[in-house]
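K.L.:
Sequence plus the predicted model coming up.
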Amino acid sequence: MAITVASWNVNSIKARIGHVAAWLRSAAPDVLCLQELKTIADSFPRLEVEAAGYRAALVGQKAYNGVAILVREGLDFTVTAHALPGDPADEQARYVEAEVGPVRIASIYLPNGNPAPGPKFDYKLAWMARLAAHARRLLATEAPIVLAGDYNVCPEDRDAYDPKGLAEDALLRPESRAAFRGILHQGYTDAFRALHPRRVAYTYWDYFQNAWAQDRGLRIDHLLLSPRAAETLAACDIDRAPRDKPQASDHTPIWCRLDL
């Protein structure tokens, strides 16, 4: 079987549900992981999602954060986690995980961490340490795993339009990059970079200073694959079209296809 998994920070599902429903119909991924829903679960637009042919598992939060996994009708799925393990006191809605057929998929909204240094950056690094620990536990299942989402990390200088000017930003600081590399060193693969080793491409463009028109972007949305998933990787790309629409999210979808 083949399965297509996509990820998209929609920056408010209520504001962007029209774009999301249209993209579900046109791109037809098997799974779409969403971040930054900015709504509680009861206010999530399930009817529109179901009308597009999908079911949703989500963790919501009023006005902030929020993650979801949308699964195409006809595919079996079971929710396996509603939060990232490791800190029961953490109430921010940043992680949801499900088994979709044979694949374990997580939708991740990693903390931004700015201003850095400071408490928000400390929270980011602690969250990444918890993610690394959980990612290691997931490898023990020997299932194909996709850790999808907005990581708020530019892994390399080429993943930012101005790496020197942004060097002190939490998204590019060496501590953030080292934590990201730590997950890769466990055996995970950056799906986009595996298939496009030299390509400069972005998934996020700020709303300010005409960033989209000037292609001043960042690659901060990633699909990390376990070895079992990586060996089946057939395609991966970034769909820039949704970012060019009126009232678009500042992110655009990234997707990969696994030929299992």
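P.N.:
That came through fine.
K.L.:
where do the helices sit along this structure?
P.N.:
Assigned by DSSP state H, the chain shows helices spanning 13-27, 46-51, 119-139, 174-185, 191-195, 227-230.
K.L.:
now for the second one, which elements pack on it?
P.N.:
In other words, helix 46-51. Helix 46-51 sits against helix 13-27, strand 54-59, with contacts defined as 3 or more CB pairs under 8 Å, 6 or more residues apart in numbering; DSSP states H and E. In short, each C-beta sits where N, CA and C put it, glycine included.
K.L.:
Report the inter-axis angle for the last one versus helix 13-27.
P.N.:
It stands for strand 54-59. On the basis of axes from the mean of the first three to the mean of the last three CA atoms, to 10 degrees, strand 54-59 is oriented at 140 degrees to helix 13-27.
K.L.:
For Leu218, which of the helices and strands packed on helix 46-51 is the nearest?
P.N.:
Nearest of the helices and strands packed on helix 46-51 to Leu218, taken as CB to CB: helix 13-27 at 19.1 Å.
K.L.:
and the closest one, what's its mean pLDDT?
P.N.:
The pLDDT scores in helix 13-27 average 98.
K.L.:
Contacts for that helix, please.
P.N.:
Here helix 13-27 makes contact (CB atoms under 8 Å, 6 or more residues apart in numbering) with 6, 8, 10, 32, 34, 37-39, 43-45, 48-49, 51-54, 66, 68, 70, 239, 242, 245, 247-249, 253, 255.
K.L.:
Mark which of those residues are buried, thanks.
P.N.:
For the contacts of helix 13-27, a neighbour count by 16 or more other CB atoms under 10 Å gives the buried set as 6, 8, 10, 32, 34, 37-39, 44-45, 49, 52, 54, 66, 68, 70, 239, 242, 248-249, 253, 255.
K.L.:
so of those residues, which ones are in strands?
P.N.:
Residues of those located in strands (DSSP state E): 6, 8, 32, 34, 54, 68, 70, 255.
K.L.:
Please name the bridge partners of the residue nearest to the last one when sequence neighbours are not counted.
P.N.:
So that's Trp255. In space, and not counting its chain neighbours, Trp255 is closest to Ala6: 3.8 Å by CB to CB, 6 or more residues apart in numbering. Note on Ala6: beta-bridge partners by DSSP bridges are Leu32, Trp255.
K.L.:
Surely Ala6 is in contact with Leu32?
P.N.:
Yes - contact criterion CB atoms under 8 Å: Ala6 and Leu32 qualify, at 4.8 Å.
K.L.:
Report the set of residues contacting both of the two.
P.N.:
Pro253.
K.L.:
rewinding a little: so which pair among the ones in strands among the buried ones among the contacts of helix 13-27 is furthest apart in space?
P.N.:
Farthest-apart pair in these is Ala68 and Trp255; separation 15.8 Å (CB to CB).
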